[in-house]
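Student: predicted model follows, preceded by the sequence.
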Amino acid sequence: VGTVVQICGTCVRAGPVRMMETARTYKCLGRGCGHEFGVSADFGTANNALLAPTICPRAHEEDGCRSTSFAVVLDGSIHADYQELKVQESASALSRVGSVPRSISIKLSDDLVDRCN
């Protein structure tokens, strides 16, 4: 996740280009707090999970807010395009005749989206 790698193979499936929410801004509704903070998506999960906060980030400060109530800040989201591919190893790379080629699912984002047809 988050690493650039180079592989050789054949693209056997290219999904449609989709949009995902990569970050969301929340505002703490605790008494007198109003702290705004961002939460980033976890790209390692199947659905790019954007987990809701459980406690105010200021809870660790001295006399910090311990609120568990938050509101989503309008226009506080960041979005990006992504695409899922399935790449299969080349037939020439197979070690034995008749063996099943291995495949890997890949998520492309940003400028790599829609490069493979």
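Tutor: Here it is on my side, so go on. Numbering: from 1, shown residues only.
Student: and the spatially most central residue of the chain, what element?
Tutor: Geometric centre of the chain, nearest residue: Phe43, 2.6 Å, by Cα atoms, centre = their mean. Using DSSP states H and E, Phe43 maps to neither a helix nor a strand.
Student: now it: how far from Ile104?
Tutor: Phe43 sits 15 Å away from Ile104, going by Cβ to Cβ, to the nearest Å. (Glycine included, C-beta is placed from N, CA and C.)
Student: list the buried residues for the longest strand along the chain?
Tutor: Assignment by DSSP state E gives strand 70-88 as the longest strand of the chain. Neighbour-count burial for strand 70-88, counted by 16 or more other Cβ atoms under 10 Å, picks out Phe70, Tyr82, Gln83, Leu85, Val87, Gln88.
Student: pLDDT score assigned to Thr45?
Tutor: Confidence at Thr45, expressed as pLDDT, is 69.
Student: likewise for the one 10 residues further on?
Tutor: Taken from the predicted model, the pLDDT recorded for Ile55 is 88.
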